[in-house]
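with the input below, show me the fold.
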Amino acid sequence: MIFPYFIPPALAFVAAVVEKGMKLNVKRNIYRLVLLSAIVIYCCVYLNGSDWPNYEMFFEKVTWHNWLEESKDVGFELGFSLCLLSLKVIGCNFMMTLIIMKVFSLIIISHCFYKFSLSKYAYGDARNVFLLLFIFYTTNGMYLYVETIIRFSIALAIVFKSFEYLITRKFAPFLLLVLLASLFHRTSLVVVPLYFVRDIKLSSFWLFVLVVVVYAFFTPQMLLIVFRFINGYGNNIFIAKLVAYLELTIRLQQTNPLAIGNIVHFLFFILILVFRKDIEGKSKCGQHLFAASVVFFIVYFVTLYMGPISRIRLFYNFFFIIVLTELFSLTYINRGIIFIMAAVFFVWGMYLSIENNFCFKYYTNYITAAIEGKADLTLYEKFSIYRSWSVEQ
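Here you go, the predicted model:
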């Protein structure tokens with residue numbers, strides 16, 4: 001059963017359609033309803049996803065006496081380990097700990113979109129918080145909260161919060177929040193240079209050429225040659241992992257640059273170039289939004305074949321979603337048609353991600369499991385059910 005996954009984006013989309021003219025108190029209450037549905041459906045999943053067994057095994061082993069050693073052994077950041085251990089000490093079981101962390105991340109990220117939509121920096125449909133949430137839920141909800149990449153999800157929430165200070169040009173709080181995020185996932189540090197990318201001097205033509213070159217020539221085979229060469233001059237664990245991801249990508253033939261998602265992202269990039277002057281001119285931080293969205297696309301195509309490392313593009317996804325919704329107001333196509341096209345594309349992409357992953361296809365929820373008296377399963381029992389899905393697949 002996959003129907004529940006579509007409830008939050010469906011509510012967000014309906015609210016987005018009727019948002020125009022909505023009073024602030026009504027908007028706030030509907031926003032809370034949409035957010036609550038996402039918390040129940042995404043954050044309270046039970047056996048779905050693939051990363052939770054590793055986290056549960058860590059949860060069972062970690063204590064105040066060994067948390068530093070255990071964190072180092074499994075490669076978990078100290079901030080995450082300390083938060084997880086603190087929740088364990090106050091009496092939370094593993095699932096409640098996981099749910100609390102997911103809820104924290106989802107609320108922070110959703111509120112960042114809500115706050116931006118009401119700010120003076122928002123333009124056009126970027127003022128429609130429900131459209132922002134619809135795109136976020138359909139493109140990231142499954143990966144962040146059902147797949148259970150919880151360390152990254154928490155870091156992403158803190159990074160999104162830091163963008164409030166990036167936009168208002170307050171470096172100290174921006175940097176402090178990014179450093180805090182790095183205590184949950186060290187890759188958060190990749191957003192620090194974004195503070196200094198306020199404007200892009202390259203013409204749209206040369207930006208187009210740059211991305212075409214990256215798209216066409218940064219194949220997994222080419223990247224593998226480059227990183228093998230780099231790795232030959234020093235045994236760097238990050239480069240070694242990257243080489244392993246690229247070798248796996250080539251072996252599994254996961255190398256289709258013409259996949260529909262990649263093509264559509266490239267078309268989005270072209271649209272952003274076409275409407276560059278409008279994007280830069282109509283918002284008070286338009287130049288910064290445009291620059292950040294270009295960085296998103298460059299990172300997207302550079303990391304296309306880098307396995308889990310490609311998730312770093314999500315740190316820039318905030319700006320992509322905002323600029324994309326601004327485009328809805330700038331194009332000459334009827335707004336209703338734009339909304340329908342967006343709904344079809346994003347919902348279809350979400351459906352495919354569910355269908356192509358066995359751990360998504362049988363929705364389970366911790367709340368309903370608790371009501372049915374099935375919330376206290378052992379790790380072995382839960383993992384047995386999880387493995388049975390892969391056999392059925």
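
residues in contact with R151?
With Cβ atoms under 8 Å, 6 or more residues apart in numbering as the criterion, the residues that contact R151 are 76-77, 80, 184-185. C-beta coordinates here come from the backbone N, C-alpha and C atoms, glycine included.

what of F116?
By Cβ under 8 Å, 6+ apart, the residues touching F116 are 122, 126, 132, 322.

go ahead and confirm the last one touches G124.
Same thing as I322. No. With contact defined as Cβ atoms under 8 Å, I322 and G124 do not form a contacting pair (10.1 Å).

under the pLDDT cut-off, which ranges of the stretch 1-150 of the chain? List them.
By pLDDT under 70, the stretch 1-150 of the chain has no low-scoring segment.

can you give me the helices in it?
Using DSSP state H, counting those that start in this stretch, the helices found in the stretch 1-150 of the chain span residues 7-17, 24-38, 52-61, 67-74, 78-89, 94-117, 129-136, 150-167.

out of the ones you listed, which one sits most buried?
Burial among the helices of the stretch 1-150 of the chain, expressed as mean neighbours by mean count of other Cβ atoms under 10 Å, is greatest for helix 129-136, which shows a mean of 26.

report the angle between it and helix 24-38.
Orientation check (axes from the mean of the first three to the mean of the last three Cα atoms, to 10 degrees): helix 129-136 against helix 24-38 gives 20 degrees.

which strands or helices does helix 129-136 pack on?
Secondary-structure packing of helix 129-136 (3 or more Cβ pairs under 8 Å, 6 or more residues apart in numbering; DSSP states H and E): helix 7-17, helix 24-38, helix 94-117, helix 317-330, helix 335-355.

of these, which is nearest G307?
Taking Cβ to Cβ, helix 335-355 is the member of the helices and strands packed on helix 129-136 nearest to G307, at 15.9 Å.

so what touches the closest one?
Where contact means Cβ under 8 Å, 6+ apart, the residues beyond helix 335-355 that reach it are 2, 5-6, 9, 13, 16-17, 131, 134-135, 138-139, 141-143, 261, 264, 328-329, 331, 360-361.

mind putting the helices of the stretch 1-150 of the chain into CSV with distance to I309?
As requested, the helices of the stretch 1-150 of the chain are arranged in CSV below (distance: least, Cβ to Cβ, whole Å):
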stretch, distance to I309
helix 7-17, 27
helix 24-38, 27
helix 52-61, 18
helix 67-74, 18
helix 78-89, 18
helix 94-117, 20
helix 129-136, 21
helix 150-167, 11
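
which of those sits closest to I371?
When those are compared for distance to I371 using Cβ to Cβ, the nearest one is helix 94-117, at 13.9 Å.

all good on my end, thank you.
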